[in-house]
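Visitor: quick one, fold the following:
(2 chains)
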Protein chains: 2
Amino acid sequence: MTKLMKNKFFQLASISLISIALTACTATEQAPSTQSQNELRATGDMGVIIERATGQVQIVDHSDQNVVSEIDGLGDLSHASIVYSRDQRFAYVFGRDGGLTKVDLLKDKIANRVIQSGNSIGGAISQDGKLVAVSNYTPGGVKVFDSETLALVANIEATIVPSKGQTKDGQPYRSKVVGLVDAPGNKFVFSLFDSHETWVADFSTGKPVITKFKDIGLFPYDALISGDGRYYIAGLFGEDGMALLDLWHIEKGVTRILKDYGKGEQKLPVYKMPHLEGWAIAGDHAFVPAVGQHKVLVISTKTWQQVAEIPAHSQPIFVMAQPDNRQIWVNFAYPDNNTIQVFNTETFELVNTLTPGPAVLHMEFTPRGEHVWMSVRDNNEVQIYDTQTQTLLKTLKSKSPSGIFFTNRAHQIGL
Amino acid sequence: MTKLMKNKFFQLASISLISIALTACTATEQAPSTQSQNELRATGDMGVIIERATGQVQIVDHSDQNVVSEIDGLGDLSHASIVYSRDQRFAYVFGRDGGLTKVDLLKDKIANRVIQSGNSIGGAISQDGKLVAVSNYTPGGVKVFDSETLALVANIEATIVPSKGQTKDGQPYRSKVVGLVDAPGNKFVFSLFDSHETWVADFSTGKPVITKFKDIGLFPYDALISGDGRYYIAGLFGEDGMALLDLWHIEKGVTRILKDYGKGEQKLPVYKMPHLEGWAIAGDHAFVPAVGQHKVLVISTKTWQQVAEIPAHSQPIFVMAQPDNRQIWVNFAYPDNNTIQVFNTETFELVNTLTPGPAVLHMEFTPRGEHVWMSVRDNNEVQIYDTQTQTLLKTLKSKSPSGIFFTNRAHQIGL
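Guide: I've put the predicted structure just below:
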């Protein structure tokens, strides 16, 4: 799956300014660490929650279900996402303002921080854990850093788009980069929004070898990779359908799937393009948020054709499978984003409808799936549910929480 | 998948005595910890290697590819296996002598140890991480402990087998228990060798609720559970075929699959029953070690019927899939246990044949699959290979290593 919240680039200028202002206002409120630096701590049951409005993150413990500490000074965290170091000690936080921040979960503090571009949109860590890559809008491209030192290792410049003229600093405009994921063989895969390409950067021999696929479809806006790292699928903003690259057979090139998937001729306004991370794959089926419709689509992973659809409360954003694949959990676009629905993956039946509160933005399952954590942004809280009974277990205070990321992601391809 | 090395109960009496003697001889050789207790350490890239002959374990780091420390005094570790605490700080080591040892990976020492039976054969940790269960031969049953304190929480006594008379201490003989795994919903699932049963113990409400399935097939000797925790499959020592329980539909009971799977009328002597953990599932196929034949069987996970077979070097023991499912790695029974073969899961073609050395007993992949570690027991070493190129990267000294267990197992159902 790809990282959280990579689309919506079209709204960013104004949001960035607001967030920067808020960060400045709260910079004096830094919470003291609640933990001694000498206390032994294992990080396998920890995680980080993005507090987007204040440029802070919370370090949490999902065994004790509490907040361990709060870290300040991470800049603009709208649409921020996180990957973890191989040992699960460090969180790499990809901020909107081009900030790449390395947070130490054992010391409750920032270990390192670089501003690596003017505007970035997520990142990935290599299979061997040695490289952290960031996809950038401004200037368009991918920068790759040493995960230990954050020293720049490679700067992959995106394709120049002559029709877009020059940037403010007089450079030729390069395509925005989206949908960056890691893949087996120490590869990074990403798509170029303005030039309609998907690139594979292979770092297995040290120096990157880049394979470029052109004309993959108009304006790829986000992407996902299957849990085994085989299929890379990019969503298209400029047309219906999606672009599939089988990484086991890159000689076959990019093929088009799900030709009707997209905005098409919608009867309803599309409030938000769904997140592609939300593709839940259970058995032979992928459960996919329909665009602008009150449905979850069921797709065959054999044929990549739609085989069923499930009526839902509103326009789905994330469709996420429990780790045991028994149920999917769905959140929805504004103005219906106070609701969660749970469906059975075998019968497609509705199991439960919950109303956690205003602006349920993200969900994260504990590694073996007994609990799910949800950010309820406009209640300033994170709620923890039992997945089997869908009962609320606990509520934690959090300032405008968005993404929730547990450390077990360190061990999963594409996360 | 189930834990390492649960079969071969029939040879145990003599092996146990030898191992105990060896342990006594080496008890004075305890290696000092090489790490300061105050050094901060994250355990996400660590693991434990069983040194079976000396009752020791090595704590290792798979980023640095080195041995961090060696812990002494774990008793008889023949066929020992390990599960990890939810935070990945503690390894629970299930010894052959009924010893349950809790090893602290942050302090390089034993945190707690109980002798909980006379003869045990593996264990599991519950979905919520609060319970550790051990399956016992003597007395036959399952004991469940608080993972924090190792205090006994439940003692599930196995079925009395009148034909077996009494135990040495005058108690009625109870069936040996094998194939113990955890399953979603805080369940443990296990099989009763002498009474031909599979039981499901549900701990989701605190007090265990036990569901018993009788006449599942003659002498279940080991079992596995699929990665999503849905299918529990027991191998049968007393007849051909296997016993399948669909945990999503326990009302359907146990059904028989793969009716020809087993020793049948073998042309070759069966040197060792294969480990069921070795079932690699990739796409719609399970790759299964044939019993007593020089083949890997390919089974459809839709129909549970054999669809192909792959010629192999000798009688396979473990068939293990890389985390990206691209290749399977196979080791073999004595006297051909110096060899490893690697096959492509898509084409079934042989990729490589390696000869690491005498007695290659176990393999463990790094979490995202770039490397595989192998115990080469009779060379007293562990070898580390690149999975993509199958080249040897490094060799570590280890005393008669058997099982290798990395901490990312903490986050996987059934491991």
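
Visitor: tell me who's in contact with the residue in the stretch 51-200 of chain A that chain B sits nearest to.
Guide: Taking C-beta to the nearest C-beta, chain B has its nearest neighbour within the stretch 51-200 of chain A at residue A:88, 3.0 Å off. Every residue, glycine included, has its C-beta placed from N, CA and C. By C-beta atoms under 8 Å, 6 or more residues apart in numbering or on different chains, the contact list for residue A:88 reads A:43-44, A:46, A:105, A:407-408, A:410, B:42-45, B:88.

Visitor: how many residues are close by the nearest residue to it once chain neighbours are set aside?
Guide: Of all residues not flanking residue A:88 in the chain, residue B:44 sits nearest, at 3.0 Å (C-beta to C-beta, 6 or more residues apart in numbering or on different chains). Counted with other C-beta atoms under 10 Å in any protein chain shown, the neighbours of residue B:44 add up to 28.

Visitor: ok, now which ones touch residue B:44?
Guide: A:43-44, A:84-89, A:407, A:410-411, B:88, B:407-408.

Visitor: confirm that it sits in a helix.
Guide: No. Secondary structure of residue B:44 (DSSP: H, G, I helix; E, B strand; the rest coil): coil, not part of a helix.

Visitor: separation between residue A:321 and residue A:363?
Guide: Separation of residue A:321 from residue A:363 (C-beta to C-beta, to the nearest Å): 11 Å.

Visitor: okay, those two: which has more neighbours?
Guide: A direct count of neighbours by other C-beta under 10 Å for residue A:321 and residue A:363 places residue A:321 higher, at 23 against 20.

Visitor: tell me the spacing between that one and residue A:328.
Guide: Taking C-beta to C-beta, one finds residue A:321 at 5 Å from residue A:328.

Visitor: what do these two both touch?
Guide: A:280, A:282, A:287, A:345.

Visitor: closest to chain B among those?
Guide: When these are compared against chain B (criterion: C-beta to the nearest C-beta), the nearest one is residue A:282, at 7.9 Å.

Visitor: what is the closest one paired to in the beta sheet?
Guide: Beta bridges link residue A:282 to residue A:285, judged by DSSP bridges.

Visitor: so who does it touch?
Guide: Applying C-beta under 8 Å, 6+ apart, the residues contacting residue A:282 are A:321, A:325, A:328, A:345, B:228.

Visitor: try it again with 7 Å
Guide: A:321, A:325, A:345 (C-beta atoms under 7 Å, 6 or more residues apart in numbering or on different chains).

Visitor: residue A:216 contacts residue A:198, correct?
Guide: Yes. Contact status for residue A:216 versus residue A:198: in contact at 5.0 Å, counting by C-beta atoms under 7 Å.

Visitor: who's more crowded, these two?
Guide: residue A:198 (25 against 22).

Visitor: for the more buried one, helix, strand, or coil?
Guide: strand.

Visitor: in this structure it contacts residue A:236, no?
Guide: No. At 11.2 Å, residue A:198 does not count as touching residue A:236 under the criterion of C-beta under 7 Å.

Visitor: circling back: farthest-apart pair in the contacts of residue A:88, please.
Guide: A:46 and B:45 (14.9 Å; C-beta to C-beta).

Visitor: residues of the stretch 101-250 of chain A that sit close to chain B?
Guide: A:106, A:127-129, A:184-185, A:204, A:228-229, A:248 (C-beta under 7 Å from any C-beta of the partner chain).

Visitor: let's see if you can find the most crowded of those residues.
Guide: Neighbour-wise, these (other C-beta under 10 Å) top out at residue A:127, 29 neighbours.

Visitor: now the strands for the stretch 101-250 of chain A?
Guide: Here the stretch 101-250 of chain A has its strands, by DSSP state E, counting those that start in this stretch, at A:109-115, A:119-125, A:131-138, A:140-146, A:152-157, A:177-183, A:187-192, A:197-202, A:209-213, A:220-225, A:231-236, A:242-246.

Visitor: restricting to C-alpha, output the fifth one in PDB.
Guide: Read it as strand A:152-157. The C-alpha coordinates for strand A:152-157 follow below in PDB (Å, rounded to 0.1, in the frame of the first residue of the first chain):
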ATOM      1  CA  LEU A 152      21.700  13.100   0.200                       C
ATOM      2  CA  VAL A 153      22.600   9.900  -1.700                       C
ATOM      3  CA  ALA A 154      20.700  10.500  -5.000                       C
ATOM      4  CA  ASN A 155      18.700  13.200  -6.600                       C
ATOM      5  CA  ILE A 156      16.400  11.900  -9.300                       C
ATOM      6  CA  GLU A 157      15.000  14.800 -11.300                       C
END
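
Visitor: quick one on the thing from earlier: buried among the contacts of residue A:88? Make that a ChimeraX selection.
Guide: In ChimeraX, this line selects whichever of the contacts of residue A:88 come out buried by 16 or more other C-beta atoms under 10 Å in any protein chain shown:
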select /A:43,44,46,105,407,408,410 /B:42,43,44,45,88
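
Visitor: could you redo the contacts of residue A:88 as a markdown table and give each row distance to residue B:294 and pLDDT?
Guide: Below are the contacts of residue A:88 laid out as a markdown table (distance: C-beta to C-beta, whole Å; pLDDT from 0 to 100):
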| residue | distance to residue B:294 | pLDDT |
| --- | --- | --- |
| A:43 | 45 | 97 |
| A:44 | 40 | 97 |
| A:46 | 47 | 98 |
| A:105 | 49 | 97 |
| A:407 | 43 | 98 |
| A:408 | 39 | 97 |
| A:410 | 39 | 97 |
| B:42 | 43 | 96 |
| B:43 | 40 | 97 |
| B:44 | 39 | 97 |
| B:45 | 37 | 98 |
| B:88 | 39 | 98 |
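
Visitor: all good on my end, thank you.
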